[in-house]
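Enquirer: Predicted model follows, preceded by the sequence.
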Amino acid sequence: MLLISLSSLSIGLTAGFVMHRSDFCVTTCFRDIFLFRDFFLMRHLLLLIVSSMVLFEVGRLTGAITIYPFPLLGPPSLGNVIGGFIFGIGMVLAGGCVCGSLYKLGAGSAGSLLAVIGMLVGSTFYAEIHPQWSTFAKSTVLSKDAITLPQWLNLAPTVLLLPLVTAGGLWLYREFRGGRMVRPAFAAGHLAPWRAAFIIALLGFASYVLIGMPMGITTTYTKLGATIAALFAPEHIKSLIYFSLKPLNYTPPFSDHPITGGPGPHLDAFATIQYPLLIGIVAGAFFSTLRLGEWKLQWRLPRRQFVSALSGGLLLGLAARMAPSCNIWHLWGGVPILAIQSLLFLTGLLPGTWIGTRLLTRFVIR
């Protein structure tokens, strides 16, 4: 367990530092398409995904990755699409996703602090509707046996991944040659987004090899929210079925013993894996700003932006439980192995981002 915690902390510190230096925010990747018709950062997200496809598949073929598919992926359902749709709206209004808000918080953003508070409340509130939502999700399951697209088609993963990686690699090479992957940057300590994409892909691979799954932190929001709520309403928290679940049950790499965990207010495997990652992302960005001498509390924002951040955070927290999980888990982890849940999440995320952008321009940045 110590190896897992130290690995998560190291990965989080590096990710927070890299995301701050490059301002690599998944929300911006999607939002800029609809707000500015700008695909610059989306190209780098695709670079991250293609790189992760290569790393994960090489890891699987060589035996470096011993758990495939990784834990917590479940049967695909309509719930993945709806969760992704609401998540897309929320991340635009919040100004960052569950991970992007953390590194911006580490850099001193008061708006991101409100977004994080909203996520804690939204993800904890999900427990109130879990029985009904779980019933709906189970009733709309598309495949009970297949987790990934290769499993559904009864094909080896390489058969589908090889043409996708080849096509994606050739297209990205053309974009590099055309100068569309690089822009002039004059900020001190700036890290080019394409370098950040490679580093984050390597971090995801390291997480998969050392911990047994890619990066993910949304259950931590629920767990922390439940812990805080239990201080004020312990009996009510105990009465909610969702907080008694233990969806995580696996034997991690370099261990002979299974570990378990759930969203309840307990110190378990989820806490061991995700708390250090969350703390690391905030601390990594904080350290980055200190090194540059740029840290300051950024709180002078219009009131409507604070309202937007809080309401967006509420939607993010709720949607991350409905989907389940977030864009980091699905785009950096699930899509590279063609997890059907993640592909469905993406189909909902795109129109959700469009709606969120329309709301942003209509009510927030008018």
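Expert: On my side now, so go ahead.

Enquirer: From Ser22, how far off is Glu175?
Expert: Remark: distance between Glu175 and Ser22 (CB to CB, to the nearest Å) = 17 Å. Just so you know, the C-beta spots here come from the backbone N, C-alpha and C atoms, and that holds for glycine as well.

Enquirer: between those two, which one's more packed in?
Expert: Taking other CB atoms under 10 Å, Glu175 and Ser22 do not tie; Ser22 has more neighbours (22 against 19).

Enquirer: Skip the chain neighbours and tell me the closest residue to that one.
Expert: Nearest non-adjacent residue to Ser22, counting by CB to CB, 6 or more residues apart in numbering: Ala196, 3.6 Å away.

Enquirer: In contact with that neighbour, which residues?
Expert: With contacts defined as CB atoms under 8 Å, 6 or more residues apart in numbering, Ala196 is in contact with 18-19, 21-22, 24, 44.

Enquirer: farthest pair in those residues?
Expert: Farthest-apart pair in the contacts of Ala196 is Arg21 and His44; separation 13.6 Å (CB to CB).

Enquirer: Near Leu350, how many other residues are there?
Expert: Look at Leu350: counted by other CB under 10 Å, it has 14 neighbours.

Enquirer: now the one 5 residues further on
Expert: Ile355 has 16 neighbouring residues, counting by other CB under 10 Å.

Enquirer: What sits closest to it if chain neighbours are left out?
Expert: Ile89 (5.3 Å).

Enquirer: Just confirm that neighbour contacts Leu315, I think it does.
Expert: Yes: between Ile89 and Leu315 there is a contact at 5.8 Å, judged by CB atoms under 8 Å.

Enquirer: now for the helix ranked longest in the chain, which elements pack on it?
Expert: The residue-count maximum for a helix in the chain (DSSP state H) belongs to helix 110-139. Applying 3 or more CB pairs under 8 Å, 6 or more residues apart in numbering; DSSP states H and E, we find helix 110-139 packed against helix 78-94, helix 100-106, helix 218-232, helix 303-322.

Enquirer: quick one, which of the ones you listed is nearest to Ser10?
Expert: Evaluated with CB to CB, the helices and strands packed on helix 110-139 place helix 100-106 nearest to Ser10, the distance being 15.7 Å.

Enquirer: Which other helices and strands does that closest one contact?
Expert: Helix 100-106 packs on helix 2-22, helix 26-36, helix 110-139, helix 269-292, going by 3+ CB pairs under 8 Å, 6+ apart.
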